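A.B. asks: Please find the sequence and the predicted model below.
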Amino acid sequence: MAQTDTEPSNASPLSPLARFAWAALILTTLYLCYFHNLGVIGLVGPDEPRYAWIARDMAESGDWVTPRLYGKPWFEKPPLYYWGAALSFKLFGVSEAAARLPSAVCALLATLALAWLALRIYGPETARWLLLLLPSTVGMIGFSHAAATDMPFAAMLAIAMVFAAGIIGLVEPKGFALFTPNMIFYTTTRPGGLLSLLLFGFFLGLATLAKGPVAIILSGGAVFFWAIFTKRWRDAFRCLHPVAIASFCATALPWYMLCARRNPDFFRVFIIEHNFKRFLTPEFQHIQPFWYYAPILLIAFLPWTVVLLWSLLYGLLRVVPTRLPSATTILLLTWSGFCLLFFTISKSKLPGYILPAVPAIGLLLARTISYLVQIEEKTFRWLLLAFSGLCAIAAALLIALAHPLHITKPIGFAMVSVACALLLFGLANLLLANTGNRATSFRLAAPLCVLPILLLLCTFKLVAAPWLTYDPSGKTLAVELQEHQIPADRIFVSNMHRGQQFSLNFYLHREIPTWDPEHLQEGFLLRNSPYCHVATGWSCPDNSIRLGSSGWFAFEIRNQKTM
């Protein structure tokens, strides 16, 4: 028996009240998961402050072609994120929320595009579950709150793949009302339709402007392997239609050509060093074992990891041996599988690299809830109940161990925060376990599974506080330095993590050098220790300036010969 791309036979239309409830729940989920707490912490890690610096430089200088970091050309990534963040800075001012807004908007657009695809292929129930489950995963929440190129790239690629699905004939030609019943567009989803071809090339071009030629490889590899498994080569070659190629070239090539014309070393630095060398050599020191992305994916799909594992095992053991997956399911599998394979082969591995696979897996996850659970509801329900029980037991043990008589107070608070997160994860899966329940009253509770995750997001500062004794970014430190009127041009740092140093650079609006004990200079030395030692002939007074909120100390270094 072949698997079909339709709603289960027991699916029934929703009542007006149920539609309103679903809409309210979906809108709340999209807002809280993608836009809430965008500026809750300062810019962290090595990428966020550098990318935000480049975007701010574009907004201030008016040069939207050459990315510059600390005044020098920086060709690690193409400009799509920089353009989005620079525009956000101009509209809303320079802030952490404005820097992260492009990623949030891209996550929203990709989710809506996938929901549209799910609606057209699998039906409204799958689309509704996608709009709840995908945004509430750790991976989508985390990367939508990052001022980085990962989410813009994954989102633009996902939207391109949605239009590719129409081009290769997975979406039946059917008119749909975009604004009013009188405004119907039929060419959007017609296989090989002009608008589908134009938009496919356009969004693939945007993906290439987000991270480079890897967009072509990932989309091409997904469609290529889909053609191998389905033997529909003629459909696959529609993606190479001249209209799609022209749209892609018109979108992506102008910046590449203009940047190369202004910067002769652009292709060598960007194409050779940051693409080929990054993929083929361990030069960038992001070396990880071949199985690295397996646990990354499991973490990315929390709290729905158990559902993901169940659908994978059930599909391999029960579905695949007895029925042929649909052409759409095969595309989602080749899309996610090729991304996983490609970056597994790469010599450089970072968590964000696997993000392009997440939207496709998310759609498969939603399909699991709307289709497979109806077939094997007992196994699904008991598995989630068991997971919820394990979360409750683990939370109880952590709370017991956190008793003040057994453990120090800060660590105890941290353990309690983990216990709270586990309890909410368990509650979310407990509610989701009602999906396959035949009793209507229980089934109505299943969509509420996102509420514990939304509660966790709303209380994030409280839950995360025990783990953030000091601000991991340079924001608090920069504020304290300004309060003590320490001039930024006389500051040096010692033993500071490079991510925090880059962040401090952003907030002080200048590059802060690292302290070189071999070439001493007068100024203020920042250390995370109350002790300071310098070479003979230099003074480092004991009465340092304690920057209590950030945990740092400032020492005024002087040359005794000039005193």
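C.D. replies: Thanks, I have the structure now. The structure displayed is predicted, hence computed values, not measured ones. Numbers count the residues shown, from 1 in each chain.

A.B. asks: can you list the residues that contact stretch 340-357?
C.D. replies: Applying C-beta atoms under 8 Å, 6 or more residues apart in numbering, the external contacts of stretch 340-357 come out as 139, 143, 146, 148, 150-151, 153-154, 157-158, 214, 217-218, 221, 278-282, 284, 286-288, 290, 292-293, 296-297, 300, 335-337, 339. For glycine as for every other residue, the C-beta is placed from the backbone atoms N, C-alpha and C.

A.B. asks: run the last query once more with 6 Å
C.D. replies: Applying C-beta atoms under 6 Å, 6 or more residues apart in numbering, the contact partners of stretch 340-357 are 143, 150, 154, 157, 218, 278-279, 281-282, 284, 286, 288, 290, 292-293, 296, 336, 339.

A.B. asks: Return the distance of that stretch from the chain's centre.
C.D. replies: Here the centre of stretch 340-357 is set off from its chain's centre by 13 Å, with C-alpha atoms, centre = their mean, to the nearest Å.

A.B. asks: Could you do stretch 328-337 as well?
C.D. replies: Average the C-alpha atoms of stretch 328-337, do the same for its chain, and the two points are 20 Å apart (C-alpha atoms, centre = their mean).

A.B. asks: With stretch 152-172 instead?
C.D. replies: The chain centre lies 18 Å from the centre of stretch 152-172; the measure is C-alpha atoms, centre = their mean.

A.B. asks: Over to stretch 75-86?
C.D. replies: When distances are taken as C-alpha atoms, centre = their mean, stretch 75-86 is centred 16 Å away from the chain's centroid.

A.B. asks: What mean pLDDT does that stretch get?
C.D. replies: Taken as a whole, stretch 75-86 has an average pLDDT of 96.

A.B. asks: Can you get me the start-to-end distance on it?
C.D. replies: 17 Å (C-alpha to C-alpha, to the nearest Å).

A.B. asks: and the nearest residue to Lys211 once chain neighbours are set aside, what helix or strand is that in?
C.D. replies: Taking C-beta to C-beta, 6 or more residues apart in numbering as the measure, Lys211 lies nearest to Phe153, with 4.0 Å between them; neighbours along the chain are not counted. With the criterion set as DSSP states H and E, the secondary-structure element containing Phe153 is helix 150-167.

A.B. asks: so what secondary structure elements neighbour that helix?
C.D. replies: helix 96-121, helix 138-144, helix 194-211 (3 or more C-beta pairs under 6 Å, 6 or more residues apart in numbering; DSSP states H and E).

A.B. asks: Residues touching that helix, excluding its own?
C.D. replies: Applying C-beta under 6 Å, 6+ apart, the set of residues contacting helix 150-167 from outside is 80-81, 103, 106-107, 109-110, 113, 117, 143-144, 171, 189, 192, 196, 199-200, 203-204, 206-207, 210-211, 215, 219, 238-239, 335, 352, 355-356, 359.

A.B. asks: again, but for stretch 234-248
C.D. replies: By C-beta under 6 Å, 6+ apart, the residues outside stretch 234-248 that reach it are 164, 167-169, 192, 197-198, 200-202, 204-205, 223, 227.

A.B. asks: how near is Ser539 to Leu525?
C.D. replies: 11 Å (C-beta to C-beta, to the nearest Å).

A.B. asks: Comparing the two, which residue is more hemmed in?
C.D. replies: Applying other C-beta atoms under 10 Å to Ser539 and Leu525 shows that Leu525 carries more neighbours, namely 21 against 14.

A.B. asks: mind listing what the more buried one touches?
C.D. replies: Leu525 touches Phe492, Trp515, Phe555, Ile557, counting by C-beta under 6 Å, 6+ apart.

A.B. asks: Phe387 now?
C.D. replies: Contacts of Phe387 by C-beta under 6 Å, 6+ apart are Val306, Asn429.

A.B. asks: What score does it have for pLDDT?
C.D. replies: For Phe387, the model assigns a pLDDT of 95.

A.B. asks: That one sits in which helix or strand?
C.D. replies: Secondary structure (DSSP H and E) places Phe387 in helix 377-401.

A.B. asks: what angle separates the very next helix or strand once past that helix from helix 377-401?
C.D. replies: For helix 377-401, the succeeding helix or strand toward the C-terminus, using DSSP H and E, is helix 409-432. Angle, helix 409-432 to helix 377-401, by axes from the mean of the first three to the mean of the last three C-alpha atoms, to 10 degrees: 160 degrees.

A.B. asks: May I see the buried residues of helix 409-432?
C.D. replies: Of the residues in helix 409-432, those buried by neighbour count under the rule 16 or more other C-beta atoms under 10 Å are 412, 414-432.

A.B. asks: Quick check: next helix or strand after the helix or strand hosting Thr29?
C.D. replies: With secondary structure defined by DSSP H and E, Thr29 is part of helix 16-34. Toward the C-terminus, helix 16-34 is succeeded by helix 47-61 as the next helix or strand (DSSP H and E).

A.B. asks: same for that next one, what does it pack against?
C.D. replies: For helix 47-61, the contact count by 3+ C-beta pairs under 6 Å, 6+ apart identifies strand 68-69, helix 80-92, helix 498-508 as packing neighbours.

A.B. asks: I'd like the mean pLDDT over the first one, please.
C.D. replies: Mean pLDDT, taken over the full extent of strand 68-69, equals 96.

A.B. asks: Regarding Val44, what are the backbone dihedral angles?
C.D. replies: The phi and psi torsions at Val44 (degrees, to the nearest 10) take the values phi -120, psi 160.

A.B. asks: Now do the same contact list for it.
C.D. replies: Pro472, Ser473.

A.B. asks: The helix holding Thr29 to helix 96-121, inter-axis angle?
C.D. replies: Interaxial angle, helix 16-34 versus helix 96-121 (the same axes, to 10 degrees): 140 degrees.

A.B. asks: list the buried ones in the lengthiest strand in the chain?
C.D. replies: Taking DSSP state E as the assignment, the strand of the chain that covers the most residues is strand 552-559. Taking 16+ other C-beta under 10 Å as the basis for neighbour counts, the residues of strand 552-559 that come out buried are Trp552, Phe553, Ala554, Phe555, Glu556, Ile557.

A.B. asks: Mind telling me what element the residue nearest to the fifth one when sequence neighbours are not counted is part of?
C.D. replies: The shortest distance from Glu556 to any residue that is not its chain neighbour, by C-beta to C-beta, 6+ apart, is 5.6 Å, and that residue is Phe524. Here Phe524, judged by DSSP H and E, is contained in strand 523-527.

A.B. asks: And for Lys385, the neighbour number?
C.D. replies: Not quite, residue 385 is Leu, not Lys. 14.

A.B. asks: Not counting its neighbours along the chain, what's nearest it?
C.D. replies: Beyond its immediate neighbours in the sequence, the residue positioned closest to Leu385 (C-beta to C-beta, 6+ apart) is Ala433, lying 5.5 Å away.

A.B. asks: Provide a list of residues in contact with the one you found.
C.D. replies: Applying C-beta under 6 Å, 6+ apart, one finds that Ala433 lies in contact with Arg381, Leu384, Leu385.
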